[in-house]
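Student: Sequence first, then the predicted structure:
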Amino acid sequence: MITKSHSKPRLSNCQVIELEKATEDEVLKHIAEVDALLLAPPLKLTNKILDAAGCNMKTVATVSAGYNHIDIDELRKRGIKLGNTPRVLDAAVADHAVMLALAAARRLHEGRLKIENNEWKSDYQWMLGQDICNSTVGIIGLGNIGQAIAKRMKGFDIKQILYTGHREKPEGKELGAKFVSLDTLARDSDFVIISVPLTKETEGMCNEEFFSKMKKTSVFVNISRGQVVDQPALIKALKTNSIFAAGLDVMTPEPLPPDHEMLKLPNLVLTPHIGSATTNTRNEMSLLAAKNILKGLAGEEMIYPVV
Ligand SMILES: O=C(O)C(=O)CO
């Protein structure tokens, strides 16, 4: 939370209140009369927070590319500007997606469990995984992160990249990727990778019908938001081996309770929403969010404006 100085705002001449815990209660205790708020998911920017902030607060920056934790219509109504931090995280998140694809295809989690449980078999037909080489990779959402994933996957001598989304994109052509329907992508891909933002349209997009179309040998990866997936349907597909494996960096709920049934699935690789969590990327994101705040306070266009 930032209170503006009278001269051109710089972080050094603003008063910055840093919260120990990013909870709604903690924010409510300190938000009255601040000029700007810098937040990160999963903290939701609720109407309660906006009401408590009062009319001074006209600038918000989120340290994230996604902004589904913020009601942008409400911000528009209140005349509040919002900036986010895309692009600087594309490489880190795309790397993470590739890691999950490889880890799930090559049974990383299951292999580790076999060692721990003293179930290591010296049989050359044991623990066989899936190849990326010669595979068809389906990307749902060919935005900046989706394109970064496509570039990386092409380095694995794959057969083809398919993608789906609102519309065919020139970037798809440049990558040699083929625009297809969601159904075709589910049916024909050996790897399905989700990189769409969470919207009303994408919520629950990967449902029972979607998983039923995927091949038994296919791998499913999600680095976007958990709510894009009908999670019980994914769990069923993994339990019944109607798909081969999955790698998830995002899930519902977050944090996932340690006794959740997903943690008992050997063919599921899980990471705790750390796609962009490298030192450099998080530094870049923080810097960008701070710059968005200063631009907003100065009445200038933010570097990455959302509203
Ligand atoms: O920035 C975001 O929205 C992320 O979820 C990064 O992993």
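Tutor: Now that the structure is in, tell me what you want to look at. Numbering: from 1, shown residues only.
Student: buried stuff in stretch 202-218?
Tutor: For stretch 202-218, burial by neighbour count (16 or more other Cβ atoms under 10 Å) applies to T202, M205, C206, F210, F211, K213, M214, K215, S218. The C-beta positions use only the backbone N, C-alpha and C, and glycine is treated the same way.
Student: Which members of the residues you listed are the farthest-apart pair?
Tutor: T202 and K215 (22.4 Å; Cβ to Cβ).
Student: what ranges do the strands span in the stretch 51-200 of the chain?
Tutor: 59-62, 81-83, 136-140, 160-164, 178-179, 191-194 (DSSP state E, counting those that start in this stretch).
Student: Need the mean per-residue confidence for the third one.
Tutor: Across strand 136-140, pLDDT averages out at 99.
Student: what does that strand contact?
Tutor: 146, 149-150, 153, 158-165, 177, 180, 182, 185-186, 188-196, 205-206 (Cβ atoms under 8 Å, 6 or more residues apart in numbering).
Student: what about 6 Å?
Tutor: Identification of contacts with strand 136-140 by Cβ atoms under 6 Å, 6 or more residues apart in numbering yields 146, 149-150, 153, 158-164, 185, 188-194, 196.
Student: Give the PyMOL command for selecting the buried subset of those.
Tutor: Applying 16+ other Cβ under 10 Å to the contacts of strand 136-140 leaves a buried subset, and the PyMOL line that selects it is:
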select buried, resi 146+149+150+153+158+161+162+163+164+185+188+189+190+191+192+193+194+196
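Student: and the closest residue to V88 other than its chain neighbours, what are its phi and psi?
Tutor: Excluding the flanking residues, the one nearest V88 by Cβ to Cβ, 6 or more residues apart in numbering is E284, at 4.0 Å. The phi/psi pair for E284 (degrees, to the nearest 10) reads phi -60, psi -40.
Student: Over to the residue most central in space within the chain. Which of the three states is it?
Tutor: What sits nearest the mean C-alpha location of the chain, by Cα atoms, centre = their mean, is S224, with 2.9 Å. Here S224 is recorded as coil under DSSP: H, G, I helix; E, B strand; the rest coil.
Student: so who does it touch?
Tutor: I194, S195, V196.
Student: Distance check, G111 against the ligand.
Tutor: Look at G111 and the ligand: by Cβ to the nearest ligand atom, to the nearest Å, they are 26 Å apart.
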